[in-house]
Every structure is written in C-alpha cells, then in structure tokens.
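# Below are the sequence and a predicted model; questions follow.
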Amino acid sequence: MSISWPRVRSLLRKEWRQIFRDPRSKRIVFASPILQLVLFGYAVNTDVHHTAMYVVDHDVSAESRALVDAFTAAGWFRVTGTSDRSGDLLRALDRGTARIGIEIPPDFSERLHTGGARVQVLLDGTNSNTATVAQGYATRIIQQFGADVATELVPAGIDVRARAWYNPGLESRVYNIPAVVGTILMLMSLLLTALAVVRERELGTLDQLMVSPLTPAELILGKTLPVAAIALIDLALVVAVSLTWFDIPFRGSAIALILASAVYIVAALGIGLFISTVSTTQQEAFMTMFLFFLPTAILSGFMYPVHTMPEVFQVITLANPLRHFLEIVRGIFLKGDGVLQILPELTILAVMATAILWLASRRFARYVS
C-alpha cells in the first residue's frame with residue numbers, strides 16, 4: 001500500500017503541536033533525561049572512597065604504622081578508630097562506625113622480614129557491593145605493601161606494573177554513564193510511544209483518525225517519527241552533558257553512535273507501539289511499560305554484569321535490545337570502536353528492531369481496523 005507523504009506531514013504537525021502544547025510535556029521530553037542522567041551519574045556509584053576503617057595494632061611498630069599509612073594514602077580508607085583490643089574492632093563493625101577493620105598481630109614486623117606475615121581483614125557484609133570492592137582494595141594494598149618490603153630486602157626481583165586500559169582510574173562512573181544513555185533512550189521511547197495511541201482512544205480522536213483517509217502505515221509513521229526525532233535530540237543532550245559535566249571520555253566514532261542509536265530507537269519504538277495496542281487506558285499502558293522496562297534494565301548488564309548471571313538468564317539477555325546497545329555504546333565511548341567494530345552487535349540489533357517493528361505494525365493495523 002502506497003504512503004501519502006502529504007498526509008503523513010499533516011499528522012506529524014498535529015503530533016508536534018500536541019506534544020509541545022503542554023508545558024509538562026516539554027519538561028518530560030527535555031528536562032527529565034538530563035535529571036535522570038545527573039541522578040544516575042552521582043547515585044549509581046560503586047567506587048569506595050574514604051571508607052571508615054578501624055585499626056587494631058598489636059605490633060605497634062614502624063612497619064605496622066607504614067601499613068596503616070598505605071591504607072589511607074590512596075584515599076580509599078580513613079581511620080575512624082584505633083585500639084589494642086580485638087573486641088573493640090567487633091563492636092565498631094557491629095555499631096556501624098566502621099565498614100572495614102584490620103588487625104595486625106604482635107609479630108607482624110618480625111614475620112614481615114622473615115616471611116609469613118599475616119594481617120586479618122574484617123568487613124561489614126551488610127552491603128555486599130561495598131564489602132566486595134573494599135576487600136579488593138585492601139587485598140591490593142596489602143599485597144603491594146608486601147611486595148615493596150620484599151623488593152627492599154631483595155632488590156633483584158620482578159617489577160610488576162598493572163595498568164587498566166579504557167578506564168585507567170577504574171571509576172564506576174565512566175562505566176555506568178554510557179549505559180545510562182541506553183536506558184534513557186529506551187525509557188523515553190517507550191513512554192512517549194506507549195501512551196500515544198491510548199491517549200487518542202481515551203480522548204475519542206482515534207475514531208476520527210480511523211475514518212480519515214490515513215492508512216495504518218501512515219498512522220504508524222505519524223506516531224513514531226516525532227518520538228524518534230525527540231529521542232535523537234535527547235541523545236545529543238545526554239551525550240553533551242556526559243562529556244562536559246561528567247568528563248566521560250568519547251574515543252569512538254560519532255557516526256557509529258548515531259547509527260546504532262537510530263536502530264536501537266526503532267526497536268524501542270516498536271516495543272512501545274506494541275504496548276499501546278494491548279492497553280486500553282493510559283494507566284494500563286504506563287504500568288505495562290514499567291513492567292517491561294524494569295526486567296529489561298536488570299537483564300541488560302547495566303546494573304549487574306551479564307557473565308555473573310545464571311546461564312539461563314544469560315541466554316535470555318540475548319533477546320534484550322538494551323543489552324546489545326549497552327555493549328555498543330560502551331565500546332564506542334571507552335574503546336574507541338567504529339562502525340566495523342560494532343557491526344556484529346549492530347546486525348543483531350537491526351534484526352531485532354525489524355522483527356519487533358513488523359510485529360507491532362501488524363498488531364497496530366488490526367488495532368485500528
């Protein structure tokens with residue numbers, strides 16, 4: 001069936017006026033993505049800085065003091081209390097005045113030079129994420145301290161120098177914020193598309209559109225093209241804030257990002273269009289959208305790495321467009337990927353977008369017929 005572009009343009013003008021007539025819509029479309037990015041950028045942070053640490057030093061030697069200084073020098077830990085009794089350390093963890101505690105035995109300095117020195121590290125495991133990160137930092141500090149002492153005693157040794165590529169500071173913000181771009185695009189595309197058709201039905205204007213010369217294909221274009229344009233504008237805003245405010249590196253191709261985002265937006269629009277056709281009210285569409293969005297975000301690798309999930313859920317994530325887009329956008333931002341590097345994931349995303357849009361279009365055609 002042929003498409004009349006003059007009719008589509010008329011519908012597009014109507015949709016633009018309807019979106020921007022309400023001041024609340026402007027805030028949702030433009031201010032909300034920036035607010036979400038700022039909130040996610042500061043709140044979703046797994047870095048450990050100035051973590052409260054309690055020290056029990058039974059050795060009270062220059063070596064034990066040097067170990068404590070090694071913990072505080074990097075800024076990851078700060079000493080909130082010291083004692084020579086083990087019970088004080090347990091009470092500090094129990095009261096929450098310390099998140100981590102180290103206990104240095106009386107023979108620490110002697111064993112440090114002869115071999116077999118031990119240090120006990122106790123962690124508050126109520127927050128497993130903080131405890132895991134703090135444990136990793138503490139282990140690295142102790143190992144590095146031991147290696148430095150061994151080098152002083154035996155100068156001839158192996159000089160190990162570790163460097164993290166793509167994210168030298170190992171900052172969680174650098175890893176998380178590019179992923180926020182994907183979640184915001186998904187959320188805005190779902191929100192604007194899922195409510196569009198249902199709102200027309202509630203207002204009674206859908207019946208007028210159905211008896212007009214507009215075909216289902218023209219209705220789909222008229223409903224989705226404005227949302228796609230808004231999503232691309234939001235993409236530019238969010239990326240600009242990421243680069244200027246959060247100083248996130250962008251090492252890849254802008255063309256690759258725009259191309260991947262366009263394909264991803266098509267998939268999100270298809271999902272939103274499908275939700276609008278299975279909902280009878282805006283409240284139902286809103287609830288259905290969030291019931292879909294939350295599992296999608298959880299199974300995308302945004303909050304938790306995919307490789308740490310059970311194998312069954314790892315397989316399920318392969319059908320998640322957000323998972324593939326996050327791998328693309330992180331590669332573009334941090335690794336410097338171009339179109340050729342993202343081509344495998346982009347192909348999968350394009351196939352998914354085509355299938356989703358085809359299914360949503362058929363459903364929508366039956367919905368308005």
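Nice, thanks for sending it over. Numbers count the residues shown, from 1 in each chain.

# would you say S361 is within a helix?
Yes: checked against DSSP: H, G, I helix; E, B strand; the rest coil, S361 lies within a helix.

# wait, doesn't it sit right on A217?
Yes: between S361 and A217 there is a contact under Cβ atoms under 8 Å: 7.5 Å. Bear in mind the C-beta positions are built from the backbone N, C-alpha and C, glycine included.

# Next, A52: secondary structure please.
The three-state label given to A52 by three-state DSSP is strand.

# Of S361 and A217, which one has the most company?
A direct count of neighbours by other Cβ atoms under 10 Å for S361 and A217 places S361 higher, at 19 against 16.

# Give me the pLDDT value at that one.
The per-residue pLDDT reported for S361 equals 83.

# Could you do the one 3 residues further on as well?
Listed pLDDT for F364 reads 77.

# for whichever strand or helix holds it, which positions count as buried?
If you go by DSSP states H and E, F364 is part of helix 339-368. Using 16 or more other Cβ atoms under 10 Å as the test for burial, helix 339-368 gives 341-342, 345-346, 348-350, 352-353, 356-357, 360-361, 363-364, 367-368.

# Flag the shaky bits of the chain, pLDDT-wise.
1-2, 22, 46, 128, 150-164, 170, 204-211, 367-369 (pLDDT under 70).

# quick one, domains of it?
5-44+171-368, 51-153 (automatic domain parsing).

# any idea which of these is most buried?
domain 5-44+171-368 (a mean of 18; mean count of other Cβ atoms under 10 Å).

# returning to what we had before: and the helix holding F364, what does it pack against?
helix 205-210, helix 216-244, helix 254-277, helix 321-330 (3 or more Cβ pairs under 8 Å, 6 or more residues apart in numbering; DSSP states H and E).

# Which elements pack onto the longest one?
Yep, that's helix 216-244 we're talking about. So helix 216-244, by 3+ Cβ pairs under 8 Å, 6+ apart, packs with helix 5-21, helix 32-43, helix 172-203, helix 254-277, helix 339-368.

# Same list (those) but as CSV, adding distance to R65.
Listed next are the helices and strands packed on helix 216-244 as CSV, based on distance: least, Cβ to Cβ, whole Å:
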stretch, distance to R65
helix 5-21, 64
helix 32-43, 35
helix 172-203, 31
helix 254-277, 50
helix 339-368, 49
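
# Which one of those helices lies nearest to M309?
Among the helices and strands packed on helix 216-244, helix 172-203 comes nearest to M309, with 15.8 Å by Cβ to Cβ.

# tell me the angle that closest one makes with helix 339-368.
Angle of helix 172-203 versus helix 339-368, following axes from the mean of the first three to the mean of the last three Cα atoms, to 10 degrees, is 20 degrees.

# Quick one: distance of helix 172-203 to the chain centre.
Offset of helix 172-203 from its chain centre (Cα atoms, centre = their mean, to the nearest Å): 14 Å.

# Correct me if wrong, but V68 is in a strand.
No: going by three-state DSSP, the assignment for V68 is helix, not a strand.

# and the gap between it and P106?
According to Cβ to Cβ, to the nearest Å, V68 stands 15 Å off from P106.

# again with Y42
With Cβ to Cβ as the criterion, Y42 and P106 are 44 Å apart.

# out of the helices and strands packed on helix 216-244, which comes closest to V306?
V306 lies closest to helix 172-203 among the helices and strands packed on helix 216-244, at 12.0 Å (Cβ to Cβ).

# What is the closest one packed up against?
Helix 172-203 packs on helix 32-43, helix 205-210, helix 216-244, helix 254-277, helix 282-298, helix 321-330, going by 3+ Cβ pairs under 8 Å, 6+ apart.

# Would you reformat the ones you listed as TSV and include distance to L123?
Output for the helices and strands packed on helix 172-203, formatted as TSV (distance: least, Cβ to Cβ, whole Å):
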stretch	distance to L123
helix 32-43	23
helix 205-210	58
helix 216-244	33
helix 254-277	39
helix 282-298	26
helix 321-330	29
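
# Quick one: closest of those helices to P305.
Closest among the helices and strands packed on helix 172-203, using Cβ to Cβ: helix 321-330, at 10.9 Å.

# Just the C-alpha atoms of that closest one, please, in PDB.
Extracted in PDB, the C-alpha atoms of helix 321-330 (Å, rounded to 0.1, in the frame of the first residue of the first chain):
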ATOM      1  CA  PRO A 321      17.900  -4.900  22.700                       C
ATOM      2  CA  LEU A 322      19.200  -2.900  25.600                       C
ATOM      3  CA  ARG A 323      21.900  -5.500  26.300                       C
ATOM      4  CA  HIS A 324      23.300  -5.300  22.800                       C
ATOM      5  CA  PHE A 325      23.100  -1.500  22.700                       C
ATOM      6  CA  LEU A 326      25.000  -1.100  26.000                       C
ATOM      7  CA  GLU A 327      27.800  -3.200  24.600                       C
ATOM      8  CA  ILE A 328      27.900  -1.000  21.500                       C
ATOM      9  CA  VAL A 329      27.800   2.300  23.400                       C
ATOM     10  CA  ARG A 330      30.400   1.300  26.000                       C
END
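
# how far away is the closest residue in space to T97 that isn't next to it in sequence from I298?
Leaving aside its chain neighbours, T97 sits nearest to T80 (6.1 Å; criterion: Cβ to Cβ, 6 or more residues apart in numbering). T80 is 35 Å from I298, where distance means Cβ to Cβ.
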